[in-house]
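> model the following, please.
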Amino acid sequence: NPRLALAKEGVELCKREGIDFILGVGGGSAIDSSKAISYGLAEPEKDVWELFEKKRTAQKFLPIASVLTIAAAGSETSNSCVITNEETKEKRSYNDDIARPKFAIMNPELTYSVSKYQTGAGTADIFAHTYMRYLTPDASFLGDQYCVGTLKTVVKYGPIAVNDPKNYEARAELMLAGSFSHNDLTSIGRAGMPKGGEHGLEQQMSGMYDTAHGAGLSVMMPAMLNYIINHGNEAQVARVAQFATDVFEVD
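Model prediction:
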C-alpha cells in the first residue's frame, strides 16, 4: 500500500535534489506514491493529506511518467491516486486529471516475475475497476461493450497468467486490460461512478489490515453482488443478471 509518510519523505528528498520530473517504476503503489509526491512537491506550503481528506483541490502537479511492472491498478493511465495514512489507518483516494502520467512504458516481460498471488490479486483489481463501471446505470451500448470485452479478457487470461507466468500473450492482454479498466474509456456514456461500493469498502480493509487491494476486492465483489441481488431494486438486479449473461455467458 502507498504510504503517506513515505510520500512526504519523497517530497523532502525531491526538494533537496531539485527534482522537476518523477518516474514511477512498479505497480499501483509505486505510481500512486509518485503522484502523491508530485502533489506535495507542486504545492510544498500545503499538507498533501488535505487533498485526500477532500479539504481542498490541487492547483498544481509536477509531471510524472510510469514504467509498469504489474498489471493491476491501472494507475499508469488513470487520474486516480490512493494513499494510506499509517497514523489513522485511513486509506483515501483523490482523483484529478492533472495527475495522469505523461506516458507509460508497458513491457509485459517485466511482469513475468510477479508471483501467483500478486498476479491473482492484480487480475481481481482489473476486474473490479471494470465491473463497477459496468454496473453503473445510464450506460451507452458502446460503453457496455468496452466493459464486457475487458471483463472477458480478464476472465480468459487471468488464470493463464497465474499458471503460466511467462506466457507473453496473457501478460500483454492483462497489462492492456489494466490500463483500459481505469483510463475512463469504460466509463463512456455513464452518468457517474457509484459512491462507495466495493472499492470504498476495500480501501478501509487495506488501510486497517494492509491487505493487498486486489485480494480484498476478491472478497468484496461477491459480497457486493449478493447484496445487490438481495436488497437492490428491480433495475439493479436485472443489471447483475445481464452481467452474468454478457460476461460469463450464463444461460
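> once you drop chain neighbours, what's closest to M175?
Of all residues beyond its chain neighbours, the one nearest M175 is A71 (4.3 Å), with distances taken as CB to CB, 6 or more residues apart in numbering. Placement of C-beta: from N, CA and C, glycine included.
> quick check on the one you found: phi, psi?
Dihedral angles of A71 (phi, psi; degrees, to the nearest 10) stand at phi -80, psi 110.
> count the residues that sit near it.
33 (other CB atoms under 10 Å).
> just the pLDDT for it.
In this model, A71 is scored at 98, pLDDT.
> ok, now which ones touch it?
Residues touching A71, when contacts are defined by CB atoms under 8 Å, 6 or more residues apart in numbering, comprise 111, 122-123, 126, 161, 171, 174-175, 177-178.
> do that again at 6 Å, thanks
Taking CB atoms under 6 Å, 6 or more residues apart in numbering, we find A71 in contact with 111, 122, 174-175, 178.
> which one of those is nearest to A212?
When those are compared for distance to A212 (CB to CB), G122 wins out at 8.8 Å.
> could you count how many residues lie near the nearest residue to A104 once chain neighbours are set aside?
Closest residue to A104 apart from its sequence neighbours, by CB to CB, 6+ apart: E76 at 3.9 Å. Applying other CB under 10 Å, we find 28 other residues in the vicinity of E76.
> equivalent analysis for the one 3 residues further on, please.
When neighbours are defined as other CB under 10 Å, N79 has 17 of them.
> quick check: pLDDT value at it.
pLDDT for N79: 95.
> that one reaches D97, doesn't it?
Yes: the criterion here is CB atoms under 6 Å, and N79 meets it with D97 at 4.8 Å.
> would you say I105 is within a helix?
No: the secondary structure assignment for I105 gives strand rather than a helix, going by DSSP: H, G, I helix; E, B strand; the rest coil.
> how much space separates the nearest residue to it once chain neighbours are set aside from G26?
Residue nearest to I105 in three dimensions, not counting chain neighbours: V67, with 4.6 Å by CB to CB, 6+ apart. Noted for V67: a distance of 8 Å to G26, by CB to CB, to the nearest Å.
> now swap in D144 and tell me
For D144, the distance to G26 (CB to CB) stands at 32 Å.
> buried residues in the biggest helix by length in the chain, which are they?
Looking only at the chain and at elements set by DSSP state H, the helix with the highest residue count is helix 141-163. Taking 16 or more other CB atoms under 10 Å as the basis for neighbour counts, the residues of helix 141-163 that come out buried are 143-144, 146-148, 150-154, 157-158, 161-162.
> torsion angles phi and psi at the residue nearest to A104?
Dihedral pair for E76: phi -70, psi -20, per degrees, to the nearest 10.
> and stretch 20-27, what's its mean pLDDT?
96.
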